[in-house]
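give me a model of this one.
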Amino acid sequence: MLITWILGKDIVGYVRGHKWLIFGTLFFTSISSLFAVIPAYLLKPFVDLGMLAKEGTITWEIPWISLKQGTLLGFEISKRVILQGVDQRTLLTFLTLIAFGSVLLRSLCSYLGSLLGAAFSTKVVNKVRIDLFERFLNLHIGFFHGMKTGELVGRANSDLSVMQGKISEILTGIIEHPITAAVFILYLLYMNYKLTLLMVIFVPAFAGVLKLFGKKVKKHAEKVQENTAELSQRYHEAITCIKIIQGFSQEEKELNRFREEAVELYKRIMKWYRWHLGLGPLMDSLSFLSIPVTLILGRVVFGHTLGEIISIVFAFSKVYGPVKKLALINNNIKTLQGSMKRIFEILHTPSEIMETKQPVYLQSFNNRIEFKDVWFGYDKDNFVLKGISFKVMAGEMMAIVGSTGAGKSTLLDLIPRFYDVSKGAILLDGEDIRDIPLKDLRKKIAIVTQDTILFNDTIANNIRYGAKEKTMEDVIEVARLALAHEFIMEQPQGYETIIGDRGVKLSGGQRQRIAIARALITRPSILLLDEAASALDAESDRMIQETIEQLKGKLTIIVVAHRISSILNADIIAVLEHGEIVEIGTLKDLLKKNGRFSYLYSLQFNQH
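Predicted structure coming up:
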């Protein structure tokens, strides 16, 4: 298929549902191209009969194809009289009306073709845009850790914008320009095939220039998109880290860094423009050489009339126009292919978290979570967790403590399968979590992290983010359980208060309590708290601990904490160091051992 050949096989799936738009685009564009030759043909009678002929009656004939038996092809070319015995004024008026009608019809068909092409391009890009966003939502967490946020946003914005603009332009041009050129070439062959064939000597020069410029344009277009994505990343970092930048008075440093990258982008764009825009003037120069050759040969060698020469030169110029535009379309194809490559790299990225073909559905969690000799590494040669084994019974609270970088948060990330274990297994009621459908597994788990992420929406909508079907009574119930109801009612619009981007209108403790309420509204069986209170003041920390204490026995809770004071009521405590569990047991057991936990305990409670 033409679209596949031009745009590549990646786009095939997006084209299938819009074949009628493609057909309409090709049909109207083709008709528009056919009408283009009529004004060129009319130049000969307009000049020779309407202006240069002597006064008197005029007869105008046009070539005509008639069916005739006995001939090789079954038809013959004859002439048909259109006007006979008319004066010059009548002929000129008639020719002008025909020319105007043909231009009007050509413009209408061109408009309809372009409109349908734009509709096709918009529909395709919109589907790609939705699929790209869906891919972002379903890719494993590790993918985002290896990519810059600004680069991903840049691909989603600038590369899709390139696709939006280029697909329609290419689709209409790739049909219109070749057909227009072909129609004029056929006309030239009819007028004088020898002269037309002589002009073919310019074709290799055009082809060589086209190939050279196409390669350069594609190369520099890809670099422009890469630099644009880097600048998007810089914008993103500056906006999200503005408080740090201003707090450390680093505005000048960040500006200089941005300026350097902006200058680099400018250089890349100018290199692209040199090749993209340089093609036109160069082809203009090559084309200009053909005009005097045509005039000299047409008059001196072949003895054409002035009207015929004007018509031939006009037709030659109309052949050049589509060829030049095809060259620019070739540049656009290369630019488009660069953007599509960056988009489809993401769309074709496989998720490392795969669903099993034989799923096991758990109606409820009521037994235990078990880690069995779990090993995990972000890459194959460097394990972050080594040989982790423990059990947490349903309804128990387990605390994980240890030094920074020991792997505590990573351990929690394995339970909802943000990452899959490298070796070993994690069991839920005896079933490997990799055999449980991902959505089914995550419905049983709620997560509260230290870096609380809230949306620029109402408090109520933030709380029921994971359960939109919940009523206002459900929202208030979990807010009370999270000790958030009182401060929510103090807000200007209560539960309908908009809290700003990432919840900036609330304090850290308030944001954390809303996050806990959001976790509880889904009625999870397992609650994961990743240093949920480590950055809070003493009062907020106390409230969080009160909430956790109320949940003990109702949920299975696994807490990662730096503050020993926050996990004194845990049923089981594990000490993680360098990716290994060095101690595990109850608070009393670990204090009796006088080991690593006892040391951490003494540091925080000043019992040396």
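
all contacts plus neighbour counts: C-alpha atoms, from now on.
OK.

surely residue 95 and residue 40 touch.
No - contact criterion CA atoms under 8 Å: residue 95 and residue 40 do not qualify, at 11.4 Å.

center of this structure, which residue is that?
Nearest to the mean C-alpha position of the chain, by CA atoms, centre = their mean, lies residue 156 at 3.3 Å.

give me the secondary structure label for that one.
helix (DSSP: H, G, I helix; E, B strand; the rest coil).

okay, it: pLDDT?
At residue 156, the predicted lDDT confidence score is 79.

measure it to residue 126 for me?
Plainly put, residue 156 is 11 Å away from residue 126 if you go by CA to CA, to the nearest Å.

quick one on the thing from earlier: what sits against the residue nearest to the centre of the chain?
129, 132, 343 (CA atoms under 8 Å, 6 or more residues apart in numbering).

closest to residue 188 among these?
residue 343 (44.0 Å; CA to CA).

lowest-scoring secondary structure element of the protein by mean pLDDT?
helix 242-247 (a mean of 60; mean pLDDT, DSSP states H and E).

filter the contacts of residue 156 down to the buried ones, PyMOL style.
To isolate the buried ones among these in PyMOL, judged by 16 or more other CA atoms under 10 Å, type:
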select buried, resi 129+132+343
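
can you list the contacts of residue 156 in a markdown table and add distance to residue 412, secondary structure and pLDDT?
Below are the contacts of residue 156 laid out as a markdown table (distance: CA to CA, whole Å; DSSP: H, G, I helix; E, B strand; the rest coil; pLDDT from 0 to 100):
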| residue | distance to residue 412 | secondary structure | pLDDT |
| --- | --- | --- | --- |
| 129 | 32 | helix | 85 |
| 132 | 28 | helix | 86 |
| 343 | 32 | helix | 85 |
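
does residue 482 touch residue 549 like I think?
No - counting by CA under 8 Å, residue 482 sits too far from residue 549 to count as a contact (10.7 Å).

how far is the helix or strand where residue 330 lies from where the chain is centred?
Per DSSP states H and E: residue 330 is located in helix 306-347. Centre-to-centre, helix 306-347 and its host chain are 26 Å apart (CA atoms, centre = their mean, to the nearest Å).

determine the number of other residues adjacent to residue 257.
Neighbour count of residue 257, defined by other CA atoms under 10 Å: 12.

and it, how close does it get to residue 223?
19 Å.

again, but for residue 39
44 Å.

more neighbours: which of those two?
residue 39 (20 against 17).

how about that one, what does it touch?
99, 102-103.

about what we covered before: now the element after the helix holding residue 330, going C-ward?
Next element after helix 306-347 (DSSP H and E): strand 368-376.

who does that following strand pair up with?
Take DSSP bridges as the rule and strand 368-376 pairs in its sheet with strand 385-393 (antiparallel), strand 423-428 (antiparallel).

and those strands, which is most packed in?
strand 423-428 (a mean of 20; mean count of other CA atoms under 10 Å).

and the contacts of that strand?
Against strand 423-428 from outside (CA under 8 Å, 6+ apart): 365, 367-376, 387, 415, 432-433.

repeat that with 6 Å
Contact with strand 423-428 is made by 369-375, 432-433, as judged by CA atoms under 6 Å, 6 or more residues apart in numbering.

next one: stretch 491-506
Taking CA under 6 Å, 6+ apart as the rule, stretch 491-506 contacts 453-460, 488.

so which of the residues you listed is surrounded by the most neighbours?
residue 459 (26 neighbours).

just the pLDDT at residue 495, thanks.
For residue 495, the model assigns a pLDDT of 90.

burial check on it, number of neighbours?
23.

next one: residue 171
Neighbour number of residue 171 under other CA under 10 Å is 25.

can you tell me the closest non-neighbouring residue to it?
residue 117 (6.7 Å; CA to CA, 6 or more residues apart in numbering).

rewinding a little: widest-spaced pair of the contacts of strand 423-428?
Within those, 369 and 375 form the most distant pair, 16.2 Å apart (CA to CA).

the strands in the stretch 351-500 of the chain, which residues?
368-376, 385-393, 397-402, 423-428, 431-432, 445-449 (DSSP state E, counting those that start in this stretch).

looking at the ones you listed, which is nearest to residue 28?
If we rank those by CA to CA, the stretch that ends up nearest is strand 445-449, at 56.5 Å.

tell me which strands the closest one pairs with, and in which orientation.
Here, using DSSP bridges, strand 445-449 pairs with strand 526-530 (parallel).

want to throw the contacts of residue 156 into CSV with distance to residue 508?
Formatted as CSV, the contacts of residue 156 follow (distance: CA to CA, whole Å):
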residue, distance to residue 508
129, 35
132, 33
343, 37
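
domains in this structure, by residue range?
In terms of domains, the chain is parsed into 2-347, 451-520 (source: automatic domain parsing).

out of these, which gets nearest to residue 398?
domain 451-520 (17.5 Å).

closest one to residue 399 among the domains of the chain?
domain 451-520 (17.3 Å).

so how far is that closest one from its chain's centroid?
The answer for domain 451-520 is 32 Å, by CA atoms, centre = their mean.

what's the end-to-end length of that domain?
18 Å.

to residue 596, which of the strands paired with strand 368-376 lies closest?
Ranking the strands paired with strand 368-376 by proximity to residue 596 (CA to CA) places strand 385-393 first, at 17.2 Å.

dump that closest one to PDB, restricted to CA.
Output of strand 385-393 as PDB, limited to C-alpha atoms (Å, rounded to 0.1, in the frame of the first residue of the first chain):
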ATOM      1  CA  LEU A 385      18.300  -7.300  47.300                       C
ATOM      2  CA  LYS A 386      19.900 -10.700  48.100                       C
ATOM      3  CA  GLY A 387      18.200 -13.800  49.400                       C
ATOM      4  CA  ILE A 388      15.300 -12.000  51.200                       C
ATOM      5  CA  SER A 389      13.000 -14.500  53.000                       C
ATOM      6  CA  PHE A 390      10.300 -13.700  55.600                       C
ATOM      7  CA  LYS A 391       6.500 -14.200  56.200                       C
ATOM      8  CA  VAL A 392       3.900 -11.600  57.300                       C
ATOM      9  CA  MET A 393       0.600 -13.100  58.500                       C
END
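
now do the helices in the stretch 501-608 of the chain.
508-520, 538-551, 587-593, 596-605 (DSSP state H, counting those that start in this stretch).

can you redo those as a markdown table with mean pLDDT?
Shown next, in a markdown table, are the helices of the stretch 501-608 of the chain (pLDDT from 0 to 100):
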| stretch | mean pLDDT |
| --- | --- |
| helix 508-520 | 85 |
| helix 538-551 | 74 |
| helix 587-593 | 89 |
| helix 596-605 | 84 |
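
for the helix or strand encompassing residue 40, what is the average pLDDT?
Using DSSP H and E, residue 40 sits in helix 37-48. Taken as a whole, helix 37-48 has a mean pLDDT of 76.
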